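1. no FASTA, just this:
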């Protein structure tokens, strides 16, 4: 099979929109990425997207933005305010971990700090599957083994209990409808016919995809903000709208003003 190299923006755009072409970006990470939504093609993709797309509604994201995220952010900042310095990437993972669990449909089992740390570590380990295609080192076998182990832990410790609770809820006539990917997949199981392994891959994918991009974007955004503040000589208080602005008052309450003096660290920039 010959390779056709596309070198202009216009042709790249046309290729991306061509219905007969399937992306191959995640093929090397098939251990987790095989047959997940972004890797499906044709009718299979449309069928899965039609089901999961029910969650991608304006009302859902409005509630997430106005009600859920502010609460999660307040909790994350309160937890961080007792530390002498704050690693921004850690804060972003703390925040997005809660969002990804909510979106994917994974229930916390104990709610402890140790469990949060374990879930964050699982997030990082599962995320290795999405970049195996770009990996150039000599530890590929070890990485694949670690991904398999992380999937097994995630399945036994979190997915199966979450699945069992939702199935029990669905059997009740007075059960409330839950807004998450796992609930949608279980409610449409007859249509999708996903086995346990496919369900694990799909939920693990949404778990990692819901967090990783946002974590990196947050770190990059703060890096650019910090550069802009240094260049202009403006303060964080001025940036958010003055000393009487609610955001400014919250920043003082949660001690985020330490950002100006270098108290908030982003570590190395995320890739």
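-> Nice, thanks for sending it over. On a predicted model such as this, the values are computed, not experimentally measured, just so you know.

2. Which strands or helices does the longest helix anywhere in the chain pack on?
-> When the chain is parsed with DSSP state H, its longest helix is helix 196-232. Contact here means 3 or more C-beta pairs under 8 Å, 6 or more residues apart in numbering; DSSP states H and E; on that basis helix 196-232 packs against helix 30-33, helix 88-104, helix 113-127, helix 140-154, helix 181-187, helix 236-239. All C-beta atoms are positioned from the backbone trio N, CA, C, and that covers glycine.

3. out of those, nearest to residue 8?
-> With C-beta to C-beta as the criterion, residue 8 lies closest to helix 30-33 of those, at 28.5 Å.

4. Now that closest one: average pLDDT?
-> Helix 30-33 shows a mean pLDDT of 93.

5. Go through the next helix or strand after it and flag the buried ones.
-> Later in the chain than helix 30-33, the nearest helix or strand by DSSP states H and E is helix 42-52. Applying a neighbour-count criterion of 16 or more other C-beta atoms under 10 Å, one finds 48, 51-52 buried in helix 42-52.

6. Which strands or helices does helix 42-52 pack on?
-> With contacts defined as 3+ C-beta pairs under 8 Å, 6+ apart, helix 42-52 has these neighbours: helix 181-187, helix 189-192.

7. Could you tell me how far stretch 122-140 lies from the centre of the chain?
-> Relative to the chain's own centre, stretch 122-140 is displaced by 16 Å; criterion: C-alpha atoms, centre = their mean, to the nearest Å.

8. Now that stretch: buried residues?
-> Neighbour counts over stretch 122-140 (16+ other C-beta under 10 Å) mark 122-123, 125-130, 132 as buried.

9. need the least confident one among the helices and strands packed on helix 42-52, by mean pLDDT.
-> helix 189-192 (a mean of 91).

10. which strands and helices sit next to that helix?
-> Helices and strands touching helix 189-192, by 3+ C-beta pairs under 8 Å, 6+ apart, are helix 42-52.

11. How about residues contacting the helix it packs on?
-> Helix 42-52 is contacted by residues 35, 37, 40, 181, 184-185, 188, 191-192 when judged by C-beta atoms under 8 Å, 6 or more residues apart in numbering.

12. Show me which of the residues you listed is closest to residue 67.
-> residue 181 (19.3 Å).

13. so that closest one touches residue 203, yeah?
-> Yes. With contact defined as C-beta atoms under 8 Å, residue 181 reaches residue 203; the gap is 6.5 Å.
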